[in-house]
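Asker: Build the 3D model from these lines:
(2 chains)
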There are 2 protein chains.
Amino acid sequence: LINEQIDQFRAEFIELHPYDQAKIFEEQTEDIRFLIYSYLSPEEMGDVIEHVDRDSVAGFITEMIPSFATDILQNMATDDAVDILNELDKNKVASFLTLMKKDAAEEIKELLHYEEKTAGSIMTTEYVVIHLEMTVKQAMRHLRKEAPDAETIYYIYVVDTEKKLAGVISLRDLIIAEGDWLIQDVMNERVVSVPVGGDQEDIAQMMRGYDFLALPVVDFQNHLLGIITVDDIMDVMEEEASDDYSKLAGISDVEKFGDTAWLSAKKRLPWLVILLFLGMVTANIIGQFEATLDQVAILSVFIPLIAGMAGNTGTQALAVAVRSISAGEMEKKKKWRVIGQESLTGFITGTVCGVTIMLLIAFWYQNAVLGILVGISIMATLIVATIAGTIVPLIMDRLHIDPAVASGPFITTLNDIISILIYFSLATAFMNLLVG
Amino acid sequence: LINEQIDQFRAEFIELHPYDQAKIFEEQTEDIRFLIYSYLSPEEMGDVIEHVDRDSVAGFITEMIPSFATDILQNMATDDAVDILNELDKNKVASFLTLMKKDAAEEIKELLHYEEKTAGSIMTTEYVVIHLEMTVKQAMRHLRKEAPDAETIYYIYVVDTEKKLAGVISLRDLIIAEGDWLIQDVMNERVVSVPVGGDQEDIAQMMRGYDFLALPVVDFQNHLLGIITVDDIMDVMEEEASDDYSKLAGISDVEKFGDTAWLSAKKRLPWLVILLFLGMVTANIIGQFEATLDQVAILSVFIPLIAGMAGNTGTQALAVAVRSISAGEMEKKKKWRVIGQESLTGFITGTVCGVTIMLLIAFWYQNAVLGILVGISIMATLIVATIAGTIVPLIMDRLHIDPAVASGPFITTLNDIISILIYFSLATAFMNLLVG
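Answerer: Here you go, the predicted model:
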C-alpha cells in the first residue's frame, strides 16, 4: 500500500462495501492507517469507522488529527457517533463536542444523555416523518428529498399537529396507494412504539416477535423522539447473548481473543478470588467432619464426584431459568408451578444418577453401605441443587437484579457447599454401618 | 370467548398484530382453540400460526382438521411452512403434501431438501426479481404487481438472461432514479451473495456486519435460488445464542420453562450420567493416593477448592475460545500466539490466586508447608486448566466439530482430574515436610 499511488488505492478501496473496507483497515499498521486517513475524505473514513469493531474504534479515533476525527463524527449517523463517543473518556468527548458545528453537537449531546442499554441510547434521530394531512403524493415528494439522510425509509412514521405519533405507513403501502389519498386514510393507526427508557433487550425481543424493520421511540406523552432500526437491534442481540454467555462462565466482562493477557486476567480474577474465599468456607465445613473422615478415609474419594454433580445440575437449572426469564417466558407461568416442576426434574435426574452410582460403587468397591450412602447423597444433592439453581435467579429477578449475574461459578460453589453438608451429615449418621 | 359472538370476536381479534394474536391464541384451552379455528379463515389463521412459538406449533397443526391445516400451510410464506413441516414427523409431512395443490407442494418439497441450518433451509423463494434490461419504470410496474406476495421489496435482485445474479438495487435507489434509465445502469453490480449450503451462523454474522436487510442465495453457478431476510436471521441469532448457552451449561438441547419435567430430565441426563462416570475416574485417582491421604487427612479438606478453581478457570478460557471461534475472530489470529497469551493469562491468575491462598492457609491453619503446597497446586492448576480450556475447542474446530460441544461440564471434569493429579502428586512429594 505504501508504494501505491493515491489514485489507484482510492479507485479500488472506495468500490468496496464499508464492512470489507473496515476489515482491511483494521489489519493495517499504524503507519499505513495514517496514510489511509490522508487519502480518504471524512465522509469516506466515517463509513469505514462505522463498521470497525466497537472495541478498537476508540483507539483509531484518538490517534487521528482531532479536526479530522470531529469531521468524521459529525458526518456519520448520529446514533453511531454517540456509540463511538460512549467508548471514549469524558474529557475527549467534551473536546470533540467543542470542535463540532453547533447543531451536530446539540443532537449528539441530546442522545448522550440517555442511559446506556435503553431505547434512547440506541435510537437514531435521522428518520423521515410525515404529517397526517399530507397526500400520498406530497409524502412521496417529501420522502425523495429526505431519503439520502434517513437511516431507513421503509417505515415512515406519521405525526399529528402536536408532533405526537399517530400512525405508520410502510413504503410498500405508500407506493401502492393512489397519489391523491390522504395519509391519515391509508396509514396504520395501530402503531407499536417503545418508551425512550425501555430496556434494549425487551426491544430486541419485540422486534424479533413482530418482524419489524424499525420501531418508533416515544416519550410518556407519545411524542416521537426517534426510531430504532433492525441493524442496531442485531448488534444488541449479539451483545446481550455474549454478555449472558460470559456471565455463565464467570467472566466479569465480555472478553475476546484480541485482549491482552493482563486485561483477560483482570476480567477473570474477580470471580476466581471470590471462589477462593468460598472454597475456604467449603474447606472449613469439611474440616468440621474431620472425625468422620479420620474413621472412614475412603469418604474423601467421592468429594469431587458429589460436588461436581451438584455444581453441574445447578448450572443446568440456572441456565434454563436465566434464559426463560430474559426471554420473558416467566410472566406467563406461575412461579410456584415452575419450582414444583423443577423439583420433579431434580427428583428424576437424582433418582437415575443415584441408583446408577449406588450400583457402580456396590459392585466396584464391594461395599453396599458406601454405595447406598453415595447414592442417597447424589439423589438429595441433585434435587436441592436443581431447586437452588431455579430459585436464586427467580429471587434476583424479583429484586430487579439481572439474574444472569447469579453466574455459573456462584451457583456451583453454593451447591458444592450444600452437597458436602448433605454428604457428610449422612455419612456421620451412617457411621455405625460404615465402620461396622 | 365461548359466549361471545363470532362477529365481535372477529372484529376485535383481526385488528391485532399477528404476534399479539399468537400470544393470545397460545394461552387458550383446546376447546377455545377449536372455536378459533372455526372462526378464522386459513389465511388469517396462517398469520397467527406463523408467530406462534416454534416448539408448540406442531401440536396445533396436528390437532386441526387436516384440510384446514393444509390450507394454512399452502397460504403462508413457503419458508415458514417448511420450518413448521420440519417440526412434524415424516408421515404427517407426506400426508399434508398430498393434500396440497401441486405447485405449492413442489415449492415446499424443494426447500425441504436443504439440510437444516444451511442457507437453503432458511431462504424464501418469494421475492421480486427483475431483469437487467428493464427500465426503471418497467421495474416499478413489475414491483407493484409482485409486492403483495413478496417477503421483502426493499432489495430487488437483478438477473441476466441465464437467470444468474447480476446485481441488486434498493427500493430507495429505485424510487430516486429516473423512469427511463436502464436497470443495468443504476443497479449495484457488487452484490454480496451466499452459497445455498452456507452455514446459517456465518450468514447471520455477514448480515450483521454488512447491515443488509436481505441476502441473495445462489448455487455454485451463481443462479439466484432465493433470498434470506433479516427477520429470519434474527431467529437464527436467537437460536444459535440459546444453543451455545445451553451447551456451556451442559444441557443437550435448548430447554424452556414450558417443557415437562420428564423432557427436562431427558435433556439434562446425558451430561449428568457422563459426569458420573468421569467422577468415578476422579474417585479412582484419589484412591491411588490413599496412603498419602491416610497420613495427612487434612489434605482432603482442600479437594473441592482446588477442583472448583480448576473447573471454573477452564470454563472461563473455554467460553472465550468458543465465542471467538464462532464469531470468526480466530482466522485473524495466529493459534500459537493465542495459546501463548492464554498461558500468560493463566500464569497471572494462577500467581494471584496461589499467593492469596498460600497466605490464607498459612495464617488460618498456622501451617506454612500446607499453605505453600496448596498455593503451588492452585498456581499450576490454573495455568494448565486455562491452557486446556483454550486448546480443546481449538482442536475441535480444527477437526470441524462445533467447539461449543466441548461444553462446560466436560472441561470442568477434565480439569478436576488434572487438578487432583497435580495436588496429590505434589503432596506425595512434599510428604516428609507435611508429616515432619
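Asker: wait, what's in contact with the residue nearest the centre of chain A?
Answerer: Chain A has residue A:240 as the residue nearest its centroid, 1.1 Å off, counting by Cα atoms, centre = their mean. The contact partners of residue A:240, by Cβ atoms under 8 Å, 6 or more residues apart in numbering or on different chains, come to A:200-201, A:204, A:326. Where you see a C-beta, it was placed from the backbone N, CA and C, and this is true even at glycine.
Asker: Closest to residue B:188 out of those?
Answerer: Within the set of those, residue A:204 lies nearest residue B:188; the separation is 29.2 Å, counting by Cβ to Cβ.
Asker: Give me the contacts around the helix or strand that that closest one is a member of.
Answerer: Counting by DSSP states H and E, the element that carries residue A:204 is helix A:200-210. Contact partners of helix A:200-210, identified using Cβ under 8 Å, 6+ apart, comprise A:117-119, A:121-122, A:192, A:194, A:212, A:215, A:228, A:230, A:233, A:236-237, A:240, A:326-328, B:17, B:19, B:51, B:231, B:234-235, B:238.
Asker: Mind picking the lowest-pLDDT entry from the contacts of residue A:240?
Answerer: Looking at those, model confidence by pLDDT dips furthest at residue A:326: 73.
Asker: if I look at it, how far off is chain B?
Answerer: 10 Å (Cβ to the nearest Cβ, to the nearest Å).
Asker: got the contact list for that residue?
Answerer: For residue A:326, the contact set (Cβ under 8 Å, 6+ apart) comprises A:201, A:240, A:244, A:403-404.
Asker: could I get the residues you listed as CSV with secondary structure?
Answerer: Putting the contacts of residue A:326 into CSV (DSSP: H, G, I helix; E, B strand; the rest coil) gives the following:
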residue, secondary structure
A:201, helix
A:240, helix
A:244, helix
A:403, helix
A:404, helix
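Asker: Widest-spaced pair of the residues you listed?
Answerer: A:240 and A:403 (13.0 Å).
Asker: And for residue A:115, the neighbour number?
Answerer: A total of 11 residues lie near residue A:115 under the criterion other Cβ atoms under 10 Å in any protein chain shown.
Asker: And for residue A:429?
Answerer: Using other Cβ under 10 Å, the number of residues around residue A:429 comes to 12.
Asker: and what of residue A:93?
Answerer: When neighbours are counted by other Cβ under 10 Å, residue A:93 comes out with 19.
Asker: For it, pull up the helix or strand it's in.
Answerer: helix A:90-99.
Asker: avg pLDDT for the helix or strand following that helix?
Answerer: Per DSSP H and E, the first helix or strand lying C-terminal to helix A:90-99 is helix A:102-112. Averaged across helix A:102-112, the pLDDT comes to 80.
Asker: mean confidence score for the helix or strand following helix A:102-112?
Answerer: Later in the chain than helix A:102-112, the nearest helix or strand by DSSP H and E is helix A:119-122. Computed over helix A:119-122, the mean pLDDT rounds to 86.
Asker: Name the residues that touch helix A:119-122?
Answerer: Helix A:119-122 is contacted by residues A:79, A:82, A:86, A:111, A:113-115, A:194-200, A:203, A:217, A:225-226, A:228, A:232-233, A:236 when judged by Cβ under 8 Å, 6+ apart.
Asker: Looking at the closest residue to residue A:15 other than its chain neighbours now. What's its pLDDT?
Answerer: Using Cβ to Cβ, 6 or more residues apart in numbering or on different chains and skipping residues adjacent in sequence, the residue nearest residue A:15 is residue B:190, 6.7 Å away. Residue B:190 is assigned a predicted lDDT (pLDDT) of 86.
Asker: before we move on, which element is residue A:355 in?
Answerer: helix A:335-364.
Asker: which parts of the stretch 1-150 of chain A sit against chain B?
Answerer: When proximity is defined as Cβ under 8 Å from any Cβ of the partner chain, the stretch 1-150 of chain A approaches chain B at A:15-17, A:19, A:27, A:51, A:140, A:143-144, A:147.
Asker: is it true that residue A:427 touches residue A:433?
Answerer: No: with contacts counted by Cβ atoms under 8 Å, residue A:427 stays clear of residue A:433, the gap being 10.0 Å.
Asker: More neighbours: which of these two?
Answerer: Neighbours around residue A:427 and residue A:433, counted as other Cβ under 10 Å, are more numerous at residue A:427. The numbers are 21 against 12.
Asker: Got a quick ChimeraX command for the buried subset of the residues of the stretch 1-150 of chain A next to chain B?
Answerer: With 16 or more other Cβ atoms under 10 Å in any protein chain shown as the criterion, this ChimeraX line picks the buried residues out of the residues of the stretch 1-150 of chain A next to chain B:
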select /A:17,19,51,140,143,147
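Asker: Does residue A:429 lie in a helix or a strand, and which?
Answerer: With DSSP H and E as the criterion, residue A:429 is inside helix A:408-435.
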